[in-house]
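Asks: This is a predicted model, with the sequence first.
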Amino acid sequence: MDIDFNLLKENFRLRNIEVQCFDTFEEIKTHILSIIPNNSPIGIGHSTTLQNINMTLSLLARGNIVYDKELSKGKEEKQAMKKKALIADWYITGSNAISIDGRIVNIDHSGNRVAAITFGPDKVIIVVGKNKIVNTLEEAIKRVKNVACPLNARRAGLNPPCVTFNKCVDRVSMDRVCNTLSIIEGQSEVGRIKLFIANEDAGY
Ligand code: SF4
């Protein structure tokens with residue numbers, strides 16, 4: 001798909017969301033490390049993309065306090081980590097889809113990631129590859145339900161109907177991975193959300 005990055009940037013700018021484009025995820029990591037002070041507490045939303053670039057380990061290595069549920073040992077610690085991440089100074093996460101018309105669309109199993117993106121941390125950085133970009137909000141929701149959901153469910157060892165059918169069939173399931181569907185339409189605070197896009201593919 002041809003992506004008009006100037007149009008995408010302008011559509012997000014009008015919604016008070018800042019977009020920066022990079023060639024690689026490694027460049028994004030370097031930039032993130034340059035803009036976040038090394039004494040700031042940081043929450044991390046689950047993201048294969050961030051795991052691929054060892055974002056959490058790089059932040060820990062230079063002294064940041066990092067609330068990443070992947071660091072926790074048991075269920076209680078994981079829950080505590082998710083709660084602390086909600087009030088960290090910064091929050092870094094991936095996203096399931098962004099649309100050129102200016103929307104950020106995510107599904108969440110327990111809701112901690114979409115909660116932090118919506119309110120809490122003073123600054124939010126969302127890291128995505130070009131594979132997450134679609135044209136419209138409608139296409140973003142389709143991507144999230146039919147691409148991200150089955151892949152996320154498999155990763156988490158859950159078995160909702162989209163795992164069997166490889167698309168959403170919207171049946172009630174105890175294993176539902178999309179308990180929350182979030183659409184970020186804009187921000188009241190200019191620059192609170194920064195969207196960093198790599199010209200590479202990663203995650204789902
Ligand atoms: S509603 Fe169910 S089948 Fe549809 S995407 Fe969500 S978990 Fe999968």
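Replies: Received it, and whenever you're ready, just let me know what you need. This is a predicted model, so every value here is computed, not measured.
Asks: ok, now which ones touch the closest residue in space to Ile3 that isn't next to it in sequence?
Replies: Closest residue to Ile3 apart from its sequence neighbours, by Cβ to Cβ, 6 or more residues apart in numbering: Ile133 at 5.6 Å. Glycine gets a C-beta too; all of them are placed from N, C-alpha and C. Going by Cβ atoms under 8 Å, 6 or more residues apart in numbering, Ile133 touches Met1, Ile3, Leu8, Ala97, Ile98, Ser99, Ile100, Ile197.
Asks: so which of those residues comes closest to the ligand?
Replies: Ala97 (12.9 Å; Cβ to the nearest ligand atom).
Asks: was I right about the closest one contacting Glu138?
Replies: No: using Cβ atoms under 8 Å, Ala97 makes no contact with Glu138, being 10.8 Å away.
Asks: Tally up the residues packed near the residue nearest to Phe5 when sequence neighbours are not counted, please.
Replies: For Phe5, ignoring the flanking residues on the chain, the nearest one in space by Cβ to Cβ, 6+ apart is Cys21 at 5.6 Å. Other residues near Cys21 number 17, with proximity taken as other Cβ atoms under 10 Å.
Asks: next one: the one 10 residues further on
Replies: Per other Cβ under 10 Å, the neighbour tally for His31 reads 15.
Asks: how about it, what does it touch?
Replies: With contacts taken as Cβ under 8 Å, 6+ apart, His31 has the following neighbours: Gln20, Phe22, Phe196.
Asks: I'd like to know which of those are buried.
Replies: Burial by neighbour count, 16 or more other Cβ atoms under 10 Å: within the contacts of His31 this picks out Phe22, Phe196.
Asks: And the closest residue to Gly120 other than its chain neighbours, how far from Ile117?
Replies: On the basis of Cβ to Cβ, 6+ apart, the spatially nearest residue to Gly120 that is not a chain neighbour turns out to be Leu86, at 4.3 Å. With the distance defined as Cβ to Cβ, to the nearest Å, Leu86 ends up 10 Å from Ile117.
Asks: Looking at the two, which one has more neighbours?
Replies: Set side by side, Leu86 and Ile117 show more neighbours around Ile117, with 22 against 17, by other Cβ under 10 Å.
Asks: Per-residue pLDDT of that one, please?
Replies: Looking at Ile117, its pLDDT reads 98.
Asks: hang on, it is in a helix, isn't it?
Replies: Yes: secondary structure of Ile117, determined by DSSP: H, G, I helix; E, B strand; the rest coil: located in a helix.
Asks: Pull the contacting residues for the nearest residue to it once chain neighbours are set aside.
Replies: Residue nearest to Ile117 in three dimensions, not counting chain neighbours: Val124, with 5.6 Å by Cβ to Cβ, 6+ apart. Contacts of Val124 were listed using Cβ under 8 Å, 6+ apart, and they are Trp90, Tyr91, Ile92, Thr93, Ala116, Ile117, Arg192, Ile193, Lys194.
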